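S.K.: sequence and predicted model, in that order:
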Amino acid sequence: MILDIALLLLAAGVPYYLLLEKSTKFNSRHIFLFSSTLLLCAVLLSLFIPNEHKTVLVLISLVSAIFSIYKATKTTNFYKFGYYLIFVNAPFFILFEEEGALYSLSLLIALLGIYLIARFYEKNYGSANYHHITGITLVTPCVGTYLTLYLVALALYPPFPNSIFFLSYIFGSEPNLLWYIVVTTLFFGNFFLAMRVMRKTLFGRESSSIHYVHMTLKEKITHFLVVLTLLILSIYGLKETLL
């Protein structure tokens, strides 16, 4: 029971909505970093203390996930979008726990890419809110390419590890009604939210009337390493699935 409560606090969004979002001491970037760190702690905890959780815990995290999908549709801030995605995926992690650890890890790596994009927006445009620069194309092709890759990974498209681990775990488990609800909510929630951001963010169209802000070499290398890590996880997940 103590572990159940711990994972609920670490992975699901309930305490964040009740406390952090109402606090003036935490901005969206702080909540993003805090929630990502706690999810990583939950993943490590599940590896050392495996446990089957009660249905009520999954139901609470599912309600929080549905609410997070709604909240994510109301924001155009990359930081908020990032930690909402953590809460959307919490039921999957709690339902599968140890098996969902690698899925959660690949989720965090993809969200690290989103975090870096948000920092790029903040540094060059003064805000991590992409709505405020709608109509302005960022650097071609680097920022647009990386943003597309991260969103496609979050939308559970193969061959990214998010989709491979997701399919591997659902194929290897025994379905029931709650299982169907969680899997359906997770799949369509991730896909809808990622595609919504992609549709509302313009990139990849060069124009002589637009001033382009180019990424630094350090930023390019950092994003390349994030994508490379996702590729390595994809290969590992594919190998595990085929075996």
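M.R.: Okay, I see it.
S.K.: below-threshold pLDDT in the chain: ranges please.
M.R.: Applying pLDDT under 70 to the chain picks out residues 1-21, 23, 49-54, 97-99, 131-141, 200-213, 240-243.
S.K.: show me where it has its helices.
M.R.: 2-11, 14-18, 28-48, 55-73, 78-88, 90-96, 101-125, 142-154, 161-171, 177-200, 217-242 (DSSP state H).
S.K.: just send those helices back as a markdown table, with mean neighbour count too.
M.R.: Every C-beta, even on glycine, is put in place using the N, C-alpha and C of the backbone. Converted to a markdown table, the helices of the chain look like this (neighbours: other C-beta atoms under 10 Å):
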| stretch | mean neighbour count |
| --- | --- |
| helix 2-11 | 17 |
| helix 14-18 | 15 |
| helix 28-48 | 18 |
| helix 55-73 | 18 |
| helix 78-88 | 26 |
| helix 90-96 | 26 |
| helix 101-125 | 21 |
| helix 142-154 | 22 |
| helix 161-171 | 21 |
| helix 177-200 | 16 |
| helix 217-242 | 15 |
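S.K.: so residue 150 touches residue 117, yeah?
M.R.: Yes: using C-beta atoms under 8 Å, residue 150 makes contact with residue 117 at a distance of 7.1 Å.
S.K.: outside of stretch 116-128, which residues touch it?
M.R.: Residues from elsewhere that reach stretch 116-128, judged by C-beta atoms under 8 Å, 6 or more residues apart in numbering: 28-29, 32, 77-79, 82, 129-130, 132-133, 136, 143, 146-147, 150, 213, 215, 219, 222-223, 226.
S.K.: same check on stretch 145-158?
M.R.: Under C-beta under 8 Å, 6+ apart, the answer for stretch 145-158 is 85, 106-107, 110-111, 113-114, 116-117, 160-164, 166-167, 187, 190-191, 193-195, 197-198, 201, 203-204, 223, 226-227, 230.
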